[in-house]
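Undergrad: When you get a sec, could you give me coordinates for this:
(chains A and B)
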Amino acid sequence: MMGAILKRDLQLAARGTSGTGLSLAFMALFVLLCGLALGGSRPDLGPGLLWLAATLSALLGLDRLYQPDQETGALAQMHLSGASGLAIATAKSLSFAITGLAPLIIATPLLALLLGMDGPAIIGTILSLIIGAPAITAYASVTAAILAAQRGSGVLAVILTAPLLIPVLIFGTEAANTFASEGIAAVQFRILAGLSFIAVALGTPATVAALAANRGPA
Amino acid sequence: MFTRFANPQRFVGLARWLTPVFGWGAVIVLTIGLWQALIASPTEVEHGDTVRIMYVHVPAAWCAMAAYSSIALASLISFVWRHPIADLAARSLALPGAAFTALALITGSLWGKPDWGTYWQWDGRMTSVLILLFIYIGYMTIWQVIEDRKRASRLAAITAMIGWVNIPIIKFSVEWWNSLHQSATISQPGAPGLAPELLTPLLLMAFGYTLLLGWLTMRGMLSEIAQARAARKPAPAATARVEAL
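TA: Residues are numbered from 1 along each chain as shown, chains lettered A, B, ... in the order given. Here you go, the predicted model:
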């Protein structure tokens, strides 16, 4: 069942409903504006800016995660056809990670070149983003599930998710910065991985509970 | 006790006499506490007169964290047992809690300027308290935007319980990161502790703040119950008009 939901979501995304292009465009524009506002390339700020750009761009697409399916009744149908809450939440989170987050991480090296970052810094940023991706996905999924029945809740989703993501952002940026000197074994990477585990452990049941609360009779 | 006050009517009975106790208690304790803190207590060796900011800053921070933890606990009770009063308590604690958080941040930065030479430092303690303020704002927004009362209460409870992860981060931030902020002085065994003439007004103020928090929350809960009753009963004027038609 999980596979079926994931396949459906990926097919929908392939036909252009996931807003991946929009997120990518926002991310590129964000980096471009940062470059202009900060007066040219600032490789020292690169990891932080890329983390910000990736996180904010990913959160922009949050209202496409559960809200359309809640509105059309697709979520209710998945539930009726016997998919467990866990299966729905996991499949939806995976599809968000694949269609909403992975393209942004893939685009990171190109944007890093725009900021004038060097090799180790770029690799560090990508690695830290990959390790932090479960945390971003998990918290994004909770907020999207909580707001599933609210139309036009894009900005609110960002406001709700951002505070939860602050520790991830702090350690993600620090991990990217220390990669050049200490490599992947740096303590910041381990903390980041720990934050990701906590986020998944907290976020998955909360997503299931929020979807259930939005499904039931009012 | 737990199920007894699940009945709003019984709770109102309790709240009727508890609310004035909290309210007048807060007035009396805060008056004595403020007099002790601002006038009677001696200045501190290192801080001089700025130590007096402590008496408004520390209790505000304590209450901000206590209020959030209470929201999380009440949310858990409301989520698991659908306890209506726990639900009201969680909702009514949010605004005073957010106000105490803002007060802690403001007084903290006013204290930071003379003592550390800066209003703000991006370190663990200050940042995590600022995050707490945003979590409060997010929590209150959930209640605002979701129209359906029952659904809002379940979704807000989930939000509150997730946001609770921030509380241990605040508590231990001064130990995990190097911070300008001083670490736990009173509660830790073996900590330097506080001289009794400074500790007494601090504890008085903390008690007064807690009573104030209790009073504000009780008032909020009573007003929620009154609103719910008013919504259930059709307004007399409206009924009259229907009958006239």
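Undergrad: so, in contact with chain A or not, the longest helix belonging to chain B?
TA: Scanning chain B for the longest helix, with DSSP state H as the assignment, gives helix B:196-232. No. If you take Cβ under 8 Å from any Cβ of the partner chain as the test, helix B:196-232 misses chain A, and the best it gets is 15.1 Å. In this view, the C-beta of every residue, glycine as well, is placed from N, C-alpha and C.
Undergrad: pLDDT on that helix, on average?
TA: If you average the pLDDT over helix B:196-232, you get 87.
Undergrad: For A:Ala102, pull up the helix or strand it's in.
TA: helix A:102-114 (DSSP states H and E).
Undergrad: That helix packs against which elements?
TA: helix A:20-37, helix A:46-60, helix A:119-146 (3 or more Cβ pairs under 8 Å, 6 or more residues apart in numbering or on different chains; DSSP states H and E).
Undergrad: Same list, those helices, but as CSV with mean pLDDT, mean neighbour count and distance to B:Pro59 please.
TA: What follows is those, written out as CSV (pLDDT from 0 to 100; neighbours: other Cβ atoms under 10 Å in any protein chain shown; distance: least, Cβ to Cβ, whole Å):
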stretch, mean pLDDT, mean neighbour count, distance to B:Pro59
helix A:20-37, 87, 16, 41
helix A:46-60, 88, 24, 35
helix A:119-146, 91, 24, 32
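Undergrad: picking that back up, so which bits of the helix holding A:Ala102 are buried?
TA: A:Pro103, A:Leu104, A:Ile105, A:Ala107, A:Thr108, A:Pro109, A:Leu111, A:Ala112, A:Leu114 (16 or more other Cβ atoms under 10 Å in any protein chain shown).
Undergrad: go on, stretch B:110-126?
TA: In stretch B:110-126, counting by 16+ other Cβ under 10 Å, buried: B:Trp111, B:Gly112, B:Asp115, B:Gln121, B:Gly124, B:Arg125, B:Met126.
Undergrad: Show me which residues of chain B sit near chain A.
TA: Near chain A, when you scan chain B using Cβ under 8 Å from any Cβ, you find B:79, B:127, B:131, B:134-135, B:137-138, B:141-142, B:145-146, B:148, B:150-151, B:154-155, B:158-159, B:161-163, B:165-166, B:169.
Undergrad: pLDDT score for B:Leu38?
TA: 80.
Undergrad: One more: A:Ala218?
TA: So A:Ala218 comes in at 51 (pLDDT).
Undergrad: thinking again about what came up before, select only the buried ones of the residues of chain B next to chain A in PyMOL?
TA: In PyMOL, this line selects whichever of the residues of chain B next to chain A come out buried by 16+ other Cβ under 10 Å:
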select buried, chain B and resi 79+127+131+134+135+138+141+142+146+151+154+155+158+159+161+162+163+165+166+169
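Undergrad: So which of the residues of chain B next to chain A belong to helices?
TA: Using DSSP H, the residues of chain B next to chain A in helices are B:79, B:127, B:131, B:134-135, B:137-138, B:141-142, B:145, B:150-151, B:154-155, B:158-159, B:161-163, B:166, B:169.
Undergrad: Residue ranges in chain A under the pLDDT threshold?
TA: A:216-218 (pLDDT under 70).
Undergrad: I should have written chain B there, sorry.
TA: In chain B (pLDDT under 70), the answer is B:1-2, B:44-47, B:174-180, B:182-193, B:234-245.
Undergrad: try it again with 80
TA: B:1-8, B:37, B:39-51, B:115-118, B:120-124, B:169-198, B:232-245 (pLDDT under 80).
Undergrad: what sits against residue 134?
TA: No chain in the question, so chain A it is. When contacts are counted by Cβ atoms under 8 Å, 6 or more residues apart in numbering or on different chains, A:Pro134 is found next to A:Ala97, A:Ser196, A:Phe197, A:Ala199, A:Val200.
Undergrad: actually chain B
TA: Counting by Cβ under 8 Å, 6+ apart, the residues that B:Phe134 touches are A:Ile159, A:Ala162, A:Pro163.
Undergrad: distance between stretch A:179-188 and the chain's centre?
TA: 23 Å (Cα atoms, centre = their mean, to the nearest Å).
Undergrad: What are the buried residues along it?
TA: A:Phe179, A:Ala186, A:Gln188.
Undergrad: Tell me the one among the residues you listed nearest to A:Ser23.
TA: Distance to A:Ser23 across these (Cβ to Cβ) is lowest for A:Phe179, with 24.8 Å.
Undergrad: so how far is chain B from the residue nearest to the closest one when sequence neighbours are not counted?
TA: Distance criterion Cβ to Cβ, 6 or more residues apart in numbering or on different chains; nearest residue to A:Phe179, sequence neighbours excluded, is A:Gly124 at 2.6 Å. Plainly put, A:Gly124 is 21 Å away from chain B if you go by Cβ to the nearest Cβ, to the nearest Å.
Undergrad: Now do the contacts for A:Gly124.
TA: Contacts of A:Gly124 by Cβ under 8 Å, 6+ apart are A:Pro47, A:Ala175, A:Ala176, A:Asn177, A:Thr178, A:Phe179, A:Ala180.
Undergrad: quick one, what contacts the nearest residue to A:Pro47 once chain neighbours are set aside?
TA: Using Cβ to Cβ, 6+ apart and skipping residues adjacent in sequence, the residue nearest A:Pro47 is A:Ala176, 3.5 Å away. Contacts for A:Ala176 (Cβ under 8 Å, 6+ apart) come out as A:Pro47, A:Leu50, A:Trp51, A:Ala121, A:Gly124, A:Thr125, A:Leu127, A:Ser128, A:Leu129.
Undergrad: if you set the cut-off to 10 Å instead, what comes out?
TA: By Cβ atoms under 10 Å, 6 or more residues apart in numbering or on different chains, the residues touching A:Ala176 are A:46-48, A:50-51, A:117, A:120-129, A:132, A:186, A:188-189, A:192.
Undergrad: Repeat that for B:Gln144.
TA: A:Leu156, B:Ala152, B:Ala156.
Undergrad: between the residues you listed, which has the most around it?
TA: B:Ala156 (28 neighbours; other Cβ atoms under 10 Å in any protein chain shown).
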